[in-house]
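Chemist: only geometry, no sequence info:
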Ligand SMILES: CCC/C=C/C(=O)SCCNC(=O)CCNC(=O)[C@H](O)C(C)(C)COP(=O)([O-])OP(=O)([O-])OC[C@H]1O[C@@H](n2cnc3c(N)ncnc32)[C@H](O)[C@@H]1OP(=O)([O-])[O-]
């Protein structure tokens, strides 16, 4: 496997045709900083280039899949006032636009089948990446996806302006996004977003990951795996143009909000527990 630097919040390994990526920072509910999202993107690229890999599996740990962008990382970006930035626009192009557009692009164009082992809730950009996966299995019915853009002074990101209407329907998407409500288990099963619920207790993420991987190994037995990649390529071709277009539109729209400063005020309130999401 080609060399890649280590990241203490994200591990990876290869087992047969599976490239397994695991979020391993349950203490802050697997929140990720900008550099962590970039690392995730680099891992996907590694999986993409490996001809022995056919499935990229996203696993997590603890009670949340991921609570999204780490508010400590956002605060760091805010304080990043080095002389290298000529303006607020320049600062947020670097700290927000480039990172978001990269990780979203890597997920959109990924050629291997993306499987998400949803052990718990996912929020924000992480939830956007879950919605870019091809197959999602849930650990139990406590899972939800929350896109709290209206509560944080942001707009859709990570391709959600396309992925959510596509996967959950346009009106459901409007209602959940406008009023900052989670896409709960019922919505996810009715829409076919979740392929199977493993019905395991929330304290048992490692057992869920192991059971799911065992099941996947059984499912791929005897298959001609290049056919899976060929089918993914064709299925993806339905919407790839729209995803590429929206990725660029989303970050450019969001940039104005970062420069204006509202997301920073709201992330800081979240960090100091003055602001909460209604769940
Ligand atoms: C890239 C830029 C664009 C933005 C994209 C996005 O993703 S937008 C979406 C951005 N994300 C959000 O808006 C979600 C923000 N988080 C929440 O709203 C709530 O934590 C919760 C509803 C996820 C869980 O509530 P709960 O009562 O069940 O649990 P709890 O609250 O007690 O948390 C346990 C511990 O984890 C910590 N921690 C948790 N999340 C984060 C985080 N993101 N960061 C850092 N730390 C985080 C928390 O501080 C606490 O640590 P402590 O104090 O023990 O040292």
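Modeler: Received the coordinates, thanks. Predicted, not measured: the structure shown is a model, and the values here were computed from it. Residues are numbered from 1 along each chain as shown.

Chemist: give the buried residues for stretch 105-118.
Modeler: Using 16 or more other Cβ atoms under 10 Å as the test for burial, stretch 105-118 gives 105-108, 110-118. In this view, the C-beta of every residue, glycine as well, is placed from N, C-alpha and C.

Chemist: any low-confidence regions in the stretch 51-200 of the chain?
Modeler: Applying pLDDT under 70 to the stretch 51-200 of the chain picks out residues 81-83.

Chemist: find the nearest non-adjacent residue to the residue of the stretch 151-279 of the chain found nearest the ligand, please.
Modeler: Across the stretch 151-279 of the chain, no residue is closer to the ligand than residue 277, which sits at 4.6 Å (Cβ to the nearest ligand atom). Excluding the flanking residues, the one nearest residue 277 by Cβ to Cβ, 6 or more residues apart in numbering is residue 148, at 5.1 Å.

Chemist: the helix or strand hosting residue 266 vs the ligand: in contact?
Modeler: In this assignment (DSSP states H and E), residue 266 forms part of helix 262-271. Yes: shown here: helix 262-271 in contact with the ligand (Cβ under 6 Å from any ligand atom) through residue 270.

Chemist: before we move on, the earlier item: count the neighbours of the residue nearest to residue 277 for me.
Modeler: Neighbour count of residue 148, defined by other Cβ atoms under 10 Å: 21.

Chemist: so who does it touch?
Modeler: 123, 124, 180, 277 (Cβ atoms under 8 Å, 6 or more residues apart in numbering).

Chemist: so which of the residues you listed is the closest to residue 34?
Modeler: Of all these, residue 124 has the smallest distance to residue 34: 12.5 Å, by Cβ to Cβ.

Chemist: how close does the closest residue to that closest one other than its chain neighbours sit to residue 232?
Modeler: Closest residue in space to residue 124, ignoring its immediate chain neighbours: residue 68 at 2.8 Å, by Cβ to Cβ, 6+ apart. Between residue 68 and residue 232 the distance is 26 Å, computed by Cβ to Cβ, to the nearest Å.
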